[in-house]
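Undergrad: Following is a predicted model, sequence given first.
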Amino acid sequence: MSDKSIYDLLKEMNGDQIKEEANYQDEKYSELLEELRSWLSNNYSNELLRLLDNENTKDNIRDLIRVFLNEVEIDYYNYEFENLVNKLFDDLVGFAFLENYIYDDRIEEINGNSWCDIEIVSNNGWYKLKEKFASKRHAINIIRKMMRLGGVILDEKQPIGDSYISSGTRISAIISPIIDEDVGVTFSIRKQKAKIFTLEELVELNTCTKDEFRLLQTCLQHGISIGIAGSTSSGKTSDIASLISTMAHEKRIFVIEDTRETFVDSLDKRVIFVKTRDSDEKDRDVSASNLLKTALRYHPDIIVPAEIRDQAALTAVEAGRTGHAILTGLHANSAIEAYDRILSMCMMGKRDISEDLLMKFILSAFPIMVFKAQLPDYSRKYMEVFEVLGYEKSSKKIYGNTLYRYIVKDTLFDSDGKIAKVEGEHIRVNPISHSLANKLLRNGCSKETIDFFAGDGWDEYEH
């Protein structure tokens, strides 16, 4: 946040009523605010991030500010003690009117098209807010404050940035000169803390059928890697959290994320959570690839790179081919396209390996691919559960079996002509292959369970 944000905002809101002596007071106040920020960062950074996850714990942040004020020898700049506590709190972690939406569990995204044009996205659709910032400068200062919580400074040198406000809440922002000065700032706040849906909830929401989820659960439990493909907001991270939560207690799980999103109870399971780190000093960077290699030293049964989007995909493929089950999400528009997407990410690794051989490795690493989508009525569905069977080198075609599919049958509209509901059904299309059935059997799955998914004609002695 700019050192003069308090004075600038007061000046813009009150004009000539600001007296000249406020300059000195604001300078002293800004020094105090910066000293507090440094004190919290050095002594309570982890506590601060945890506190920001929950609106109900704001009083704890104020308690820390009281401790700080009692430790430093200062006058209170004409403020009453508690008023100074509240002012420091608002300028340190307060987010103006956006707080009402950041802490609302029903809100999924807050998108600022400009300082005075802000949209809210929920699971019921989107709408524009009547509320806005007091000015362009006010908007920029608030967004800069949010970015700094994740260690990112937004300024003319770095006018585009990605950061996080707290665990599971990401923010991206752009300021001038990349956008017009009159716009002030554009930003997108995405609340990505994964909700752990139970099987009953998923079925009730018609996201999938009991059998679909049970197949994925069975595969992951018995060493079969799964990719979950879809666009932003399709619910991939929630599916990952839900699947992890159903794994047997003896399974050792290693989760890799950019920010903490999958809040599975680690005391109830053998789960390790780690985060990547970006740094201005390249030798201090910790990438997803680094952490994937580290994961192998911890003897995990399941490795969960929550999302692969760069050359880390190659490390994930290699881990998947060495007997580890991989559960990951990625952006793609269909199950088959997901394999091409992984291939393009692996090619970033610049390995001296042919494209055909690399694709063969990818298909071996990820036998099951799920395609999930958010439909126009904002419902989320498993559109396809796909088992890959092979790759035709001459035509560069991937082939396999669609195991389950969601069929759209109709779209219903309300009286205003807006989409009210997309109607359809989940259908079972094909049984799993005999090859997959036998792999499940070798990995300890019961024959009764395999019989259900493999159908008639499965020969347990066929390899």
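TA: Perfect, thanks for sending it. Numbering: from 1, shown residues only.
Undergrad: Now name the helix or strand holding residue 438.
TA: helix 434-442 (DSSP states H and E).
Undergrad: what domains does the record give for this structure?
TA: According to automatic domain parsing, the chain comprises the domains 1-94, 95-191, 199-430.
Undergrad: Please work out the average pLDDT along the second one.
TA: For domain 95-191, the mean pLDDT works out to 87.
Undergrad: In the stretch 51-200 of the chain, what residue spans correspond to helices?
TA: Under the criterion DSSP state H, counting those that start in this stretch, the stretch 51-200 of the chain contains helices at 58-71, 81-93, 99-102, 136-149, 199-204.
Undergrad: Equivalent analysis for the stretch 251-400 of the chain, please.
TA: 288-295, 312-320, 335-347, 355-365.
Undergrad: Would you tell me which of the ones you listed gets closest to residue 238?
TA: helix 335-347 (17.9 Å; Cβ to Cβ). C-beta coordinates here come from the backbone N, C-alpha and C atoms, glycine included.
Undergrad: Adding mean neighbour count and distance to residue 435 as columns, could you present the helices of the stretch 51-200 of the chain in CSV?
TA: As requested, the helices of the stretch 51-200 of the chain are exported to CSV (neighbours: other Cβ atoms under 10 Å; distance: least, Cβ to Cβ, whole Å):
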stretch, mean neighbour count, distance to residue 435
helix 58-71, 15, 55
helix 81-93, 17, 54
helix 99-102, 16, 48
helix 136-149, 22, 49
helix 199-204, 14, 27
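Undergrad: okay, the ones you listed in JSON lines with distance to residue 412 next?
TA: Supplementary listing: those in JSON lines, determined by distance: least, Cβ to Cβ, whole Å:
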{"stretch": "helix 58-71", "distance to residue 412": "42"}
{"stretch": "helix 81-93", "distance to residue 412": "44"}
{"stretch": "helix 99-102", "distance to residue 412": "29"}
{"stretch": "helix 136-149", "distance to residue 412": "39"}
{"stretch": "helix 199-204", "distance to residue 412": "19"}
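Undergrad: Let me know which of those helices is the nearest to residue 287.
TA: The minimum distance between residue 287 and the helices of the stretch 51-200 of the chain falls on helix 136-149, with 21.0 Å, by Cβ to Cβ.
Undergrad: now the closest one, how far from the centre of its chain.
TA: 21 Å (Cα atoms, centre = their mean, to the nearest Å).
Undergrad: Give me the angle between it and helix 81-93.
TA: Here the directions of helix 136-149 and helix 81-93 differ by 80 degrees (axes from the mean of the first three to the mean of the last three Cα atoms, to 10 degrees).
Undergrad: So for stretch 347-363, mean pLDDT?
TA: 84.
Undergrad: now what about that stretch, what contacts it?
TA: 310-311, 313-315, 317-318, 321, 339, 342-343, 346, 388, 390-391, 393, 396, 398 (Cβ atoms under 8 Å, 6 or more residues apart in numbering).
Undergrad: Residue 431 touches residue 454, doesn't it?
TA: Yes - using Cβ atoms under 8 Å as the test, residue 431 is close enough to residue 454 to be in contact (5.2 Å).
Undergrad: all strands of the stretch 151-300 of the chain, in order?
TA: Secondary structure of the stretch 151-300 of the chain (DSSP state E, counting those that start in this stretch): strands at 160-166, 169-175, 185-191, 226-229, 252-257, 270-275.
Undergrad: Could you give the number of residues near the nearest residue to residue 275 once chain neighbours are set aside?
TA: Nearest non-adjacent residue to residue 275, counting by Cβ to Cβ, 6 or more residues apart in numbering: residue 257, 5.6 Å away. Neighbour count for residue 257, taken as other Cβ atoms under 10 Å: 23.
Undergrad: State the pLDDT value of residue 257.
TA: Listed pLDDT for residue 257 reads 83.
Undergrad: now residue 20
TA: 34.
Undergrad: ok, now the one 10 residues further on?
TA: The per-residue pLDDT reported for residue 30 equals 66.
Undergrad: quick one: average pLDDT of stretch 217-228?
TA: On average, stretch 217-228 scores 96.
Undergrad: returning to what we had before: mind giving me the ChimeraX select for the contacts of stretch 347-363, buried ones only?
TA: In ChimeraX syntax, the buried subset of the contacts of stretch 347-363 is picked out as below (16 or more other Cβ atoms under 10 Å):
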select :311,313,314,315,317,318,339,342,343,346,388,391,398
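Undergrad: wait, doesn't residue 368 sit right on residue 385?
TA: Yes - under the criterion of Cβ under 8 Å, residue 368 makes contact with residue 385 at 7.0 Å.
Undergrad: Format the CA atom coordinates belonging to stretch 182-196 as PDB.
TA: Coordinates of each C-alpha in stretch 182-196 appear next as PDB, following Å, rounded to 0.1, in the frame of the first residue of the first chain:
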ATOM      1  CA  ASP A 182      -9.200   6.300 -16.100                       C
ATOM      2  CA  VAL A 183      -9.900   2.600 -15.400                       C
ATOM      3  CA  GLY A 184      -7.700   2.700 -12.300                       C
ATOM      4  CA  VAL A 185      -7.300  -1.100 -11.800                       C
ATOM      5  CA  THR A 186      -8.800  -4.300 -13.000                       C
ATOM      6  CA  PHE A 187      -8.800  -7.400 -10.800                       C
ATOM      7  CA  SER A 188     -10.200 -10.800 -10.300                       C
ATOM      8  CA  ILE A 189     -10.500 -12.400  -6.800                       C
ATOM      9  CA  ARG A 190     -11.200 -16.100  -7.000                       C
ATOM     10  CA  LYS A 191     -12.200 -18.000  -3.900                       C
ATOM     11  CA  GLN A 192     -10.700 -21.500  -4.400                       C
ATOM     12  CA  LYS A 193     -10.800 -23.100  -1.000                       C
ATOM     13  CA  ALA A 194     -12.100 -26.500  -2.100                       C
ATOM     14  CA  LYS A 195     -15.300 -27.700  -0.500                       C
ATOM     15  CA  ILE A 196     -15.300 -31.300   0.300                       C
END
